[in-house]
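Asks: Build me a structure from this.
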Amino acid sequence: MGLVSDTLDPSIAALLKRSADGLVPAIAQDATTGRVLMLAWMDDEALRRTLATGRATYWSRSRQEYWVKGGTSGHTQAVREVRLDCDGDSLLIRVDQTGPACHLGTPSCFDARVLPVNRRSEPERMTR
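Replies: You can find the predicted model right below:
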């Protein structure tokens with residue numbers, strides 16, 4: 001097995017557009033069902049660890065530390081694929097999720113609150 005670098009590949013790092021605090025939003029998606037599981041944050045080191053280990057690793061903004069999904073709960077994310085969006089400012093992490101993805105015990109962090117949408121009017125067309 002080859003050596004694992006201690007820095008993110010410069011060709012990948014060059015593609016990232018980070019926030020002012022050096023982070024990129026990372027959307028975790030179930031690789032089998034397509035269900036959106038959660039949103040977390042990555043910096044270069046979290047992305048490097050994720051790519052090197054195949055285990056989803058994120059940066060905790062509240063705790064100011066790295067965390068491997070499932071490290072304490074056992075609800076792991078085995079990474080199948082990492083995709084960078086067209087603008088380079090967000091990541092899609094396609095995973096095999098074991099157990100619930102949400103820290104509240106639900107399958108997805110987006111299960112609890114569905115906001116009302118006014119469907120009576122014609123949707124506005126988005127232009128770029």
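Asks: what secondary structure does the residue sitting nearest the centre point of the chain sit in?
Replies: Per Cα atoms, centre = their mean, the C-alpha nearest to the average position across the chain is that of Ala26, at 2.7 Å. Counting by DSSP: H, G, I helix; E, B strand; the rest coil, the backbone at Ala26 sits in strand.
Asks: Return the set of residues that bridge with it.
Replies: Ala40, Leu91 (DSSP bridges).
Asks: any weak-confidence spans in the protein?
Replies: Applying pLDDT under 70 to the chain flags the ranges 1-4, 121-128.
Asks: Which residue ranges of it form strands?
Replies: Assigned by DSSP state E, the chain shows strands spanning 24-30, 36-42, 57-60, 65-68, 77-84, 91-97.
Asks: looking at these, which is closest to Phe110?
Replies: Smallest distance to Phe110 across those (Cβ to Cβ): 5.9 Å, for strand 36-42. To be clear about C-beta, it is placed using only N, CA and C from the backbone, and glycine gets the same treatment.
Asks: export that closest one as PDB, just CAs?
Replies: What follows is strand 36-42, C-alpha atoms only, in PDB (Å, rounded to 0.1, in the frame of the first residue of the first chain):
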ATOM      1  CA  VAL A  36     -29.900  13.500   1.900                       C
ATOM      2  CA  LEU A  37     -28.700  12.600   5.300                       C
ATOM      3  CA  MET A  38     -27.000  15.600   6.800                       C
ATOM      4  CA  LEU A  39     -24.900  18.700   6.300                       C
ATOM      5  CA  ALA A  40     -21.500  19.100   7.900                       C
ATOM      6  CA  TRP A  41     -18.400  21.100   7.300                       C
ATOM      7  CA  MET A  42     -14.900  20.100   6.000                       C
END
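Asks: hey, where'd the helices end up in this protein?
Replies: Ranges of helices in the chain, per DSSP state H, are 10-13, 44-53.
Asks: need those in a markdown table with distance to Lys69 and mean neighbour count, can you?
Replies: Listed next are the helices of the chain as a markdown table, based on distance: least, Cβ to Cβ, whole Å; neighbours: other Cβ atoms under 10 Å:
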| stretch | distance to Lys69 | mean neighbour count |
| --- | --- | --- |
| helix 10-13 | 20 | 10 |
| helix 44-53 | 9 | 18 |
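Asks: Done for today, thanks.
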